[in-house]
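Enquirer: Give me coordinates for this.
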Amino acid sequence: MTEATTHTIDVPGAVLTYDVRPGSDAHKVPLVMVGSPMGAAGFTTLAGYFTDRTVVTYDPRQSERSKLTTDADPTPETHADDIHRMMRAALGSGPVDVLASSGGAVNMLAFVAAHPDVVRTLVAHEPPLVSVLPDREAASAAVHDVRDTYERDGLGPGMAKFLGLVMHSGEVPADWTDQSAPDPARFGLPAADDGSRDDPMLGRGHIVNTAEYVPDYAAIKAAPTRVVVAYGTESEGLLTQRAAAAVAAALGVEPTRFPSGHAGFLGGEYGQTGDPDAFAARLREVLDG
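Expert: Numbering: from 1, shown residues only. Take a look at the predicted model:
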């Protein structure tokens, strides 16, 4: 695989770090891989399946190598502007294809609404939007409870509630926040509070601003971008799968099934392994579709 070159770009409120892997076929449309809060490292395995294309990955402003220069909490619109600036620096103004995962999928929905002529095909994989769910009131309360628990008690208790929520199958019950809090030890997490509040998932307003974002569905549908809303076969019934199906319905398209689950493309990154062989094959099929 071609070695990645690493670059930085100053954007309002942050210094972003991004990587470019030149492809072997200059005629192929570049492929940009976007996560949030997951950074470029999470796409290392998947990028190796697309050596024919130039592949660009980056660390969102609250994550890994990128640095914040403001105290303002980022929103999907903030991230969309960051991605646009990063793409122009890395690739110029030409068309791109994008695989966007989780919060990155939310940010790319904001991107397509704001910059409709940049992306040829967007594969939005499991955008965790509670704003589109029929149980949005209970789901939103659960998200706020995760954030509040993190701010009050620290990473272990906050992350335990987050994991309990995203592993729950079916609609979120109205009394979810009244139920007993899960034990952090169940997930191998510490119960003690170390005093830090800089987790990229639970801190900086990320979880609430991402989950409660309401995409401009009319603008997205009006854009020339082909939007493929996808979910993993192992995510059936989970919040991210239900959200993906609801987003697809709002856009008037059928959701597309991918192998494995929410992290199906991982090949050992962050200690997780999905089914990257099958995921990459399906992604190539969809992009070539």
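Enquirer: C-alpha from now on. contacts and neighbour counts both.
Expert: OK.
Enquirer: Out of the helices and strands in the protein, which is least certain?
Expert: strand 67-68 (a mean of 94; mean pLDDT, DSSP states H and E).
Enquirer: what lines up beside it in the sheet?
Expert: The sheet places strand 67-68 alongside strand 14-21 (antiparallel), with pairing taken from DSSP bridges.
Enquirer: Identify the residues contacting the least confident helix or strand of the chain?
Expert: 13-16, 61-62 (C-alpha atoms under 8 Å, 6 or more residues apart in numbering).
Enquirer: Could I get the full set of strands for this structure?
Expert: Secondary structure of the chain (DSSP state E): strands at 5-11, 14-21, 31-34, 55-59, 67-68, 96-101, 119-125, 226-232, 256-258.
Enquirer: average pLDDT for the longest one?
Expert: Meaning strand 14-21. Averaged across strand 14-21, pLDDT comes to 98.
Enquirer: Would you mind listing the buried residues in that strand?
Expert: Using 16 or more other C-alpha atoms under 10 Å as the burial criterion, the residues of strand 14-21 that qualify are 14-21.
Enquirer: Let's have those residues in TSV, adding distance to R152.
Expert: Below are these laid out as TSV (distance: C-alpha to C-alpha, whole Å):
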residue	distance to R152
A14	27
V15	29
L16	29
T17	31
Y18	33
D19	36
V20	39
R21	42
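Enquirer: which among those residues gets closest to S93?
Expert: Of all those, S93 sits closest to V20, with 15.5 Å by C-alpha to C-alpha.
Enquirer: now the contacts of strand 67-68 as a markdown table including distance to M159?
Expert: Putting the contacts of strand 67-68 into a markdown table (distance: C-alpha to C-alpha, whole Å) gives the following:
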| residue | distance to M159 |
| --- | --- |
| G13 | 27 |
| A14 | 26 |
| V15 | 27 |
| L16 | 26 |
| R61 | 21 |
| Q62 | 17 |
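Enquirer: about what we covered before: in terms of distance to L91, which of the buried residues of strand 14-21 ranks first?
Expert: V20 (9.1 Å).
Enquirer: what about L129, neighbour count?
Expert: As a burial measure, L129 scores 30 neighbours (other C-alpha atoms under 10 Å).
Enquirer: State the distance from the residue nearest to it when sequence neighbours are not counted to A89.
Expert: Distances taken as C-alpha to C-alpha, 6 or more residues apart in numbering place A211 nearest to L129, at 4.5 Å, with adjacent residues excluded. The spacing between A211 and A89, counted by C-alpha to C-alpha, to the nearest Å, is 29 Å.
Enquirer: neighbour count winner among those two?
Expert: Shown here are A211 and A89; by other C-alpha under 10 Å, A211 has more neighbours (23 against 14).
Enquirer: Is it correct that that one is in contact with S131?
Expert: Yes: in terms of C-alpha atoms under 8 Å, A211 counts as a neighbour of S131; the distance is 6.7 Å.
Enquirer: any common contacting residues for these two?
Expert: Shared contacts of A211 and S131, defined by C-alpha under 8 Å, 6+ apart, are found at S140.
Enquirer: residues contacting V106?
Expert: 76, 124, 127-129, 210, 213, 215.
Enquirer: Tell me where the model's unsure across the stretch 101-250 of the chain.
Expert: When residues are selected by pLDDT under 70, none of them lie in the stretch 101-250 of the chain.
Enquirer: how about the helices of it, start to end?
Expert: Per DSSP state H, counting those that start in this stretch, the stretch 101-250 of the chain carries helices over the ranges 103-114, 136-153, 155-166, 206-211, 217-222, 239-251.
Enquirer: Out of those helices, flag the one nearest T273.
Expert: Here helix 155-166 is closest among the helices of the stretch 101-250 of the chain (C-alpha to C-alpha), at 17.3 Å.
Enquirer: Report the inter-axis angle for the closest one versus helix 136-153.
Expert: For helix 155-166 against helix 136-153, the angle by axes from the mean of the first three to the mean of the last three C-alpha atoms, to 10 degrees is 170 degrees.
Enquirer: which residues are contacting stretch 123-130?
Expert: Counting by C-alpha under 8 Å, 6+ apart, 98-106, 108-109, 136, 139-140, 210-214, 227-232, 239-241, 243-244, 262 sit against stretch 123-130.
Enquirer: now swap in stretch 255-275 and tell me
Expert: Residues contacting stretch 255-275 (C-alpha under 8 Å, 6+ apart): 41-46, 102, 125-126, 228-235, 240, 244-245, 248-249, 276-280, 282-283.
Enquirer: can you rerun that using 7 Å?
Expert: The contact list for stretch 255-275 (C-alpha atoms under 7 Å, 6 or more residues apart in numbering) reads 42, 45-46, 126, 228-235, 245, 248, 276, 278-279, 282.
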